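> compute the structure for the input listed below.
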Amino acid sequence: MHAFRFVAVVSLVFCTSVFASVTGSIRGLIHDPQHRPVPGAQVALQSAASDWNRSITSDSRGEFRFDAVPLGQYHVSVSRAGFAPQQQTLLLTSQRDANLHFSLQLARTEQVVEVSAATPDVNPETSTPTTVLSRDRIARTPGADQTNSLAVITNYVPGAYVVHDQLHMRGGHQITWLLDGVPVPNTNIASNVGPQFDPKDMDYLEVQRGGFSAEYGDRAYGVFNVVPRSGFERDRQGEIVASLGNFYTTNSQLSFGDHSERLAWYGSLSGNRSSLGLETPTPAVFHNQSSGLSGFGSVIFNRTPADQLRLTTSVRGDHYQVPNDPDQQATGLHDVEDERDAFTNLSWLHTAAPGVLFTLSPFYHFNRAHYDGAGTQDDRGSNYTGGVVQVAVNRGRHNTHIGVQSLALRDNHFFSLTSEELTIPPGRDIQWASLTAFYAEDQYKPLSWLTLNGGVRLTRFSGGVTENVADPRAGAAIQIPKLRWVVRGFFGRYYQAPPLLTITQPILSSAPFLPLRGERDQQVDFGLTIPLRGWVLDTDYFRTNAKNFFDHDALGNSNIFSPLTIARARIKGTEVTLRSPQLARRLSLHLAWSHQFVQGRGGITGGLTNLESPGKDTGYFFLDHDQRDTLSTGVEARLPLRSWASTNIAYGSGFLNGDGPDHLAPHTTFDLSLGKSLGENWSVGVTALNLANRRYQLDQSNTFGGTHWNLTRQVYAQVKYRFRL
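Numbering: from 1, shown residues only. Next comes the predicted model:
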């Protein structure tokens with residue numbers, strides 16, 4: 001019987017009760033050299049990456065305000081007759097209430113726009129370490145715009161890596177994906193290998209890795225908030241992206257977009273194919289083809305100045321051959337995995353009054369994974385229907401968010417297995433569940449240099465088990481005057497609802513099974529952000545203690561992964577990121593480093609179990625995805641003749657060797673991209689991943705399953721052509 005590898009490139013695990021505001025607000029005060037307010041000044045807000053813009057006039061107090069602003073980088077310009085124009089640039093993140101000050105100077109004979117030297121990438125009001133990546137950064141990061149790639153995360157986010165075909169971050173699997181601030185839920189651990197989003201459809205990606213507010217739900221290990229392309233970056237334009245490389249690899253896309261003052265739309269059709277799909281069990285590549293087709297659409301309609309409607313929808317299908325080792329290939333095994341995914345999210349944003357934003361967001365998500373192998377059938381279809389209502393109020397020193405989410409879930413699972421070691425008769429299991437969460441969060445600024453964040457999240461889950469949880473969150477951010485350094489701290493608790501289905505009824509007579517319960521986490525987080533002459537250095541220390549820690553285990557010799565929970569887990573680490581300004585107007589640097597420990601303790605408390613502790617004793621043991629040091633660093637260079645180069649070096653100290661405590665050998669890979677613009681509409685590029693073709697083992701078979709090697713060298717060329725509709 002073939003051991004099939006049923007793991008995920010992206011763990012789109014259930015967004016237990018998540019709604020992230022994809023918008024923020026920008027307000028400001030304008031005064032003259034005598035610090036008197038300047039009324040009637042023209043204030044223009046312009047996106048740095050598209051034609052999205054707004055304008056307003058300052059009031060009698062010299063104040064202005066923009067609400068419901070999508071996250072991203074913006075230029076804010078102020079002009080008034082008799083004064084020299086002035087401009088500031090900032091990076092707006094979700095939940096941020098950016099507060100700007102403009103001190104206008106009297107006009108001179110020559111009008112020159114004064115550009116503020118403030119660092120745009122530092123948010124002095126948050127307790128959360130955050131990384132925001134733009135579509136330009138995605139396009140120029142080696143391999144990041146491939147359909148199945150997670151390089152935009154692993155290259156820039158400390159402690160993020162892919163091992164046994166699954167994204168891990170801060171030592172855990174449970175991460176939250178949101179699109180335009182609306183959750184895309186998936187309750188199933190390690191059952192999908194297909195991606196949820198094509199990176200080419202992203203405008204911005206915001207990554208939060210700890211210290212989450214009550215609004216952001218209960219996945220303790222990472223929040224990924226995707227702002228899709230909207231059409232504001234297009235002017236009746238279409239774009240063709242075509243690529244071809246070794247292993248017959250192609251990642252191609254046809255997209256269209258346009259906008260007016262009130263309406264913007266974007267749509268894309270994507271296709272991908274490769275003979276190097278998933279991580280292989282040996283250095284040799286056998287039976288490893290992957291292919292997929294997808295469509296994506298986004299519409300934004302400003303019905304009135306106070307009402308905005310947003311619709312995003314996607315449908316995709318993916319096919320994967322499960323990699324063989326040489327012995328399996330010789331026997332002619334042809335196990336495959338087919339997946340389908342579709343979602344629709346609709347949001348109504350209503351500005352009830354200045355500083356008061358009401359949001360209503362219904363959503364629907366369907367996800368299916370069908371495995372077909374020699375003697376094995378595993379088919380699961382999941383439906384998620386829900387909605388979110390939220391009110392955000394920004395008044396004076398308070399920025400308050402209050403919301404409710406309700407979610408209904410249905411899983412339909414068919415499973416059968418026949419082998420020499422084990423026979424499980426065909427069986428079907430259908431489960432229903434519901435989840436309701438209420439959250440309240442307030443950001444309070446008692447002083448200009450101090451921000452306090454506090455909230456609570458109340459969750460009720462009713463499925464195989466019924467659980468009621470109250471989770472407090474509290475944090476603080478201090479901006480040191482003159483230095484502009486930001487010190488932050490956080491304490492919070494999280495509840496992560498369990499998966500609905502595991503392989504239960506058909507095999508109860510073959511192996512012990514314990515009900516799955518929700519994971520309980522307690523997290524502390526301390527950080528320091530240092531901006532200096534355009535450089536930004538961020539350091540962070542975190543510690544997460546978990547009860548009923550979610551992981552996955554293999555069923556007998558089949559290597560069919562089934563979710564389980566371990567009594568306790570202890571994860572702690574130190575993270576560092578470094579970003580440079582433009583050096584000599586040509587170079588920019590980035591670095592992300594993590595030093596962490598990922599340990600478990602005690603026996604299995606839920607799922608299939610032999611009733612023994614994974615560590616075979618009562619002490620702490622390392623989990624299979626423990627890697628002590630992870631480093632990613634790179635350079636992007638703007639070269640003459642409208643060309644560019646981008647590199648990335650990835651280092652890992654080695655994952656756990658079998659059951660440990662020893663670890664595998666350290667490993668290093670090097671990626672390179674070169675590109676050139678040919679006029680206004682054409683561009684070409686070539687990318688080499690793992691250029692030196694360094695091969696190494698990521699992990700070895702142990703309690704938590706699987707032997708995997710990193711992917712061999714990949715080289716591909718890409719052509720982009722933009723045209724008018």
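> rest of the way, CA atoms for contacts and neighbours
Fine.
> burial check on the residue nearest to Gly386 when sequence neighbours are not counted, number of neighbours?
In space, Gly386 comes closest to Leu407 once its chain neighbours are excluded; the distance is 4.1 Å by C-alpha to C-alpha, 6 or more residues apart in numbering. The burial metric for Leu407, expressed as a neighbour count using other C-alpha atoms under 10 Å, is 21.
> may I have stretch 187-202 as CSV, with CA atoms only?
These are the backbone C-alpha positions of stretch 187-202, laid out as CSV (Å, rounded to 0.1, in the frame of the first residue of the first chain):
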residue,chain,number,x,y,z
THR,A,187,-11.5,24.0,9.2
ASN,A,188,-9.3,21.2,7.8
ILE,A,189,-5.7,20.7,8.9
ALA,A,190,-3.3,19.3,6.3
SER,A,191,-6.0,18.3,3.8
ASN,A,192,-5.3,20.8,1.0
VAL,A,193,-2.1,21.3,-1.0
GLY,A,194,-3.5,24.0,-3.3
PRO,A,195,-3.1,27.7,-2.6
GLN,A,196,-6.0,29.9,-1.6
PHE,A,197,-4.7,33.0,-3.6
ASP,A,198,-2.6,33.6,-6.6
PRO,A,199,0.1,36.1,-5.6
LYS,A,200,-0.4,37.9,-9.0
ASP,A,201,-3.8,38.9,-7.8
MET,A,202,-2.5,40.7,-4.7
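> any idea what the residue nearest to Gly386 is bridged to?
Beta-bridge partners of Leu407, counted by DSSP bridges, are Gly386, Leu435.
> that one reaches Gly387, doesn't it?
Yes. With contact defined as C-alpha atoms under 8 Å, Leu407 counts as touching Gly387 (6.7 Å).
> nearest residue to Ser594 other than its sequence neighbours?
Leaving aside its sequence neighbours, Ser594 sits nearest to Glu575 (C-alpha to C-alpha, 6+ apart; 4.5 Å).
> nearest the middle, which residue of the protein would you pick?
Phe224 (2.4 Å; C-alpha atoms, centre = their mean).
> for that one, give its distance to Ala353.
Spatial separation of Phe224 from Ala353 under the definition C-alpha to C-alpha, to the nearest Å is 30 Å.
> same thing with Pro498?
Here the criterion is C-alpha to C-alpha. By it, Pro498 lies 39 Å from Ala353.
> more neighbours: which of those two?
With neighbours defined as other C-alpha under 10 Å, Pro498 and Ala353 compare such that Pro498 has more, 27 against 11.
> quick one, what contacts that one?
In this structure, Pro498 makes contact with Thr187, Leu516, Arg517, Gly518, Glu519, judged by C-alpha atoms under 8 Å, 6 or more residues apart in numbering.
> what about the last one, neighbour count?
Going back to what we said before, that points to Glu519. Should you count by other C-alpha under 10 Å, Glu519 turns out to have 22 residues around it.
> please apply the same query to the third one.
With neighbours defined by other C-alpha under 10 Å, the count for Arg517 comes to 25.
> was I right about it contacting Gly606?
Yes. The pair Arg517 / Gly606 is scored as a contact, 6.7 Å apart, by C-alpha under 8 Å.
> overlap of the contact sets of these two?
Listed contacts common to Arg517 and Gly606 are Asn548, Thr565; contacts here mean C-alpha under 8 Å, 6+ apart.
> just the element for the nearest residue in space to Gly619 that is not next to it in sequence, please.
Once flanking residues are discounted, Gly619 sits nearest to Arg601: 6.0 Å by C-alpha to C-alpha, 6+ apart. Under the criterion of DSSP states H and E, Arg601 resides in strand 587-608.
> same check on Gln328?
With DSSP H and E as the criterion, the answer for Gln328 is helix 326-330.
> equivalent analysis for His101, please.
His101 is part of strand 97-103, with elements assigned from DSSP H and E.
> over to Ile571?
For Ile571, the enclosing helix or strand under DSSP H and E is strand 560-579.
> give me the angle between that strand and strand 587-608.
Using axes from the mean of the first three to the mean of the last three C-alpha atoms, to 10 degrees, the inter-axis angle of strand 560-579 relative to strand 587-608 is 150 degrees.
> list the contacts of Ile26.
Contacts here follow C-alpha under 8 Å, 6+ apart; on that basis Ile26 touches Arg65, Phe66, Asp67, Val69, Asp97, Ala98, Asn99, Leu100.
> how about 7 Å then?
Listed by C-alpha atoms under 7 Å, 6 or more residues apart in numbering, the contact set of Ile26 reads Arg65, Phe66, Asp67, Asp97, Ala98, Asn99.
> what about the residue nearest to Trp593 when sequence neighbours are not counted, which SS state?
Nearest residue to Trp593, sequence neighbours excluded (C-alpha to C-alpha, 6+ apart): Leu631, at 4.4 Å. Three-state call for Leu631 (DSSP: H, G, I helix; E, B strand; the rest coil): strand.
> show me what Leu631 bridges to in the sheet.
Leu631 forms beta bridges with Trp593, Tyr651, as assigned by DSSP bridges.
> for the chain, which spans come out with low pLDDT?
Scanning the chain for pLDDT under 70 picks out 1-22, 108-121, 189-190, 421-422, 501-513, 553-561, 608-618, 701-706.
> how about the helices in it?
Across the chain, reading from the start of the chain, the helices by DSSP state H fall at 135-140, 151-154, 326-330.
> mind checking how far the residue nearest to Asp379 when sequence neighbours are not counted is from Leu409?
In space, not counting the residues next to it along the chain, Asp379 is nearest to His370; the distance is 4.3 Å by C-alpha to C-alpha, 6+ apart. As defined by C-alpha to C-alpha, His370 lies at a distance of 19 Å from Leu409.
> can you report how many residues neighbour Lys482?
By the criterion of other C-alpha under 10 Å, Lys482 has 6 neighbours.
> hmm, I was thinking of Glu420
For Glu420, the neighbour count with other C-alpha under 10 Å is 6.
> kindly provide the distance from it to Pro326.
20 Å.
> for Trp177, same thing?
With the distance defined as C-alpha to C-alpha, Trp177 ends up 37 Å from Pro326.
> give me the more crowded residue out of these two.
Counting neighbours by other C-alpha under 10 Å for Trp177 and for Pro326 shows that Trp177 has the greater number, 28 against 13.
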